[in-house]
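> take a look and give me a structure for this.
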Amino acid sequence: MELCDWCHCSVWRSSLALASRRILALTSSARRNGKLSYTASFGQSERHATVTIEPRAGGAAPAYTITDAPGPPDFAGGPARLATADGQSVIVENKTPPGQPHQRSGIDVIGKLGRKQFYPVPIPTMALHRKVLPDKQAPGEIDNDIGPFVLDRTPGSNKIWFANTFYDSEGASGVGAVGSFDISTRQYAIRYLPEIAPWSGSAILLDGGDLWIGLMRRPEGASYGAGLLRYKTGAVTKYAVADYINTIDRLGDTLYCGTSHGLYTVRDKKVAQLRFEPDDRGKLIMVPREVR
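Below you'll find the model as predicted:
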């Protein structure tokens, strides 16, 4: 390891020519002791890292360290069971196992006595697609599933919030939406907002009364990012985050989005990008860039 001269962070020393061809993507996050720890990787290479971010006062760019790390495991396991405040539990079934026919997504509710009941997520109709997306060619079939989700642990609440996700190519498409499932009443509420209707969700954060959603599209090729959505009952705001959002977290007065090309921050309605790039000696440093 070698210290970067001006930012005092641990970095790799590598050739500039090699490093400049790689983009550091932040793929998952965890909060520890007032810091954010990201799993990171360089494109399709087998090089992985842990990036730790620590906020600094006065709106300054965060302090950070970068350390070498093994790659994440190939198998992520099955869906996790989430315990609710009323003694029940839920499982979000939104991923079909590899090699299996597509299964309709939905939510399993396991009662206090262990009885499980499956509640499939509503699928938008072709008529709704034409109404909400009038300028888009009608697909041959509707493909719509539960995407990123979060359990609302606010006292008195018993909901799961989520964003839709759908394949958008080869005759299949869907309608993006902000959705919720009330575990007590077993009822879905789907909000087909114009700001999200063309897009799938890639990440989600429930932050007090605000719901933050990473927007993306899933075409035939690689998925790509389409911005950051802030949803609050009666108000929708979109922020210019150009890259694919993998994670959304809040520390203090700043929102942090781990993306396919570094870290984006949102503070006082201003967006900035923090890329991790080699300097003229091949050392990785953080490069702030204001987003307009």
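> which ones are touching the residue most central in space within the chain?
Taking CA atoms, centre = their mean, the centroid of the chain lies closest to residue 203, which sits 1.8 Å from it. Residues in contact with residue 203 (CB atoms under 8 Å, 6 or more residues apart in numbering) are 148, 213, 214, 245, 246, 247, 248, 257. No exception for glycine: its C-beta is placed from N, CA and C like everyone else's.
> that one bridge partners, please.
Note on residue 203: beta-bridge partners by DSSP bridges are residue 214.
> what's the answer for residue 231, then?
Beta-bridge partners of residue 231, as defined by DSSP bridges: residue 211, residue 236.
> wait, doesn't it sit right on residue 177?
No - using CB atoms under 8 Å, residue 231 is not in contact with residue 177, being 10.5 Å away.
> pLDDT weak spots in the protein?
By pLDDT under 70, the low-scoring segments of the chain are 1-22, 43-45, 73-77, 98.
> which parts of it are helices?
16-19, 126-132 (DSSP state H).
> what's the longest one packed up against?
By that I understand helix 126-132. Judged by 3 or more CB pairs under 8 Å, 6 or more residues apart in numbering; DSSP states H and E, helix 126-132 is in contact with no other helix or strand.
> what's in contact with that helix?
By CB under 8 Å, 6+ apart, helix 126-132 touches 124, 136, 138, 139, 142, 173, 174, 175, 192, 194, 197.
> distance-wise, check residue 79 relative to residue 261.
Noted for residue 79: a distance of 29 Å to residue 261, by CB to CB, to the nearest Å.
> starting at the chain centroid, how far to stretch 132-149?
19 Å (CA atoms, centre = their mean, to the nearest Å).
> what residues of it count as buried?
Residues 132, 133, 139, 142, 143, 144, 145, 146, 147, 148, 149 are the ones in stretch 132-149 that count as buried (16 or more other CB atoms under 10 Å).
> how far does it stretch from one end to the other?
End-to-end distance of stretch 132-149 (CA to CA, to the nearest Å): 23 Å.
> more neighbours: residue 79 and residue 261, which one.
Looking at residue 79 and residue 261 with other CB atoms under 10 Å, you find the greater number of neighbours at residue 261, namely 17 against 13.
> quick one: contacts for that one?
23, 24, 25, 242, 243, 273, 275.
> in ChimeraX, select just the buried ones from those.
This is how ChimeraX selects the buried members of the contacts of residue 261, with burial counted by 16+ other CB under 10 Å:
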select :23,24,25,243,273,275
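> and the contacts of residue 261, which is closest to residue 47?
Taking CB to CB as the measure, residue 47 sits nearest to residue 24 out of the contacts of residue 261, at 9.5 Å.
> how about stretch 267-275 as CSV, C-alpha atoms only?
This file holds the C-alpha atoms of stretch 267-275, laid out as CSV (Å, rounded to 0.1, in the frame of the first residue of the first chain):
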residue,chain,number,x,y,z
ARG,A,267,-26.8,17.9,-0.7
ASP,A,268,-29.0,21.1,-0.5
LYS,A,269,-30.5,19.9,-3.9
LYS,A,270,-27.1,20.0,-5.5
VAL,A,271,-25.6,16.9,-7.1
ALA,A,272,-21.9,16.2,-7.3
GLN,A,273,-20.0,13.2,-8.6
LEU,A,274,-16.9,11.7,-6.9
ARG,A,275,-14.9,9.6,-9.3
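> in that stretch, what counts as buried?
Those would be 271, 272, 273, 274, 275, for stretch 267-275 by 16+ other CB under 10 Å.
> same check on stretch 165-176?
In stretch 165-176, counting by 16+ other CB under 10 Å, buried: 165, 166, 167, 168, 173, 174, 175, 176.
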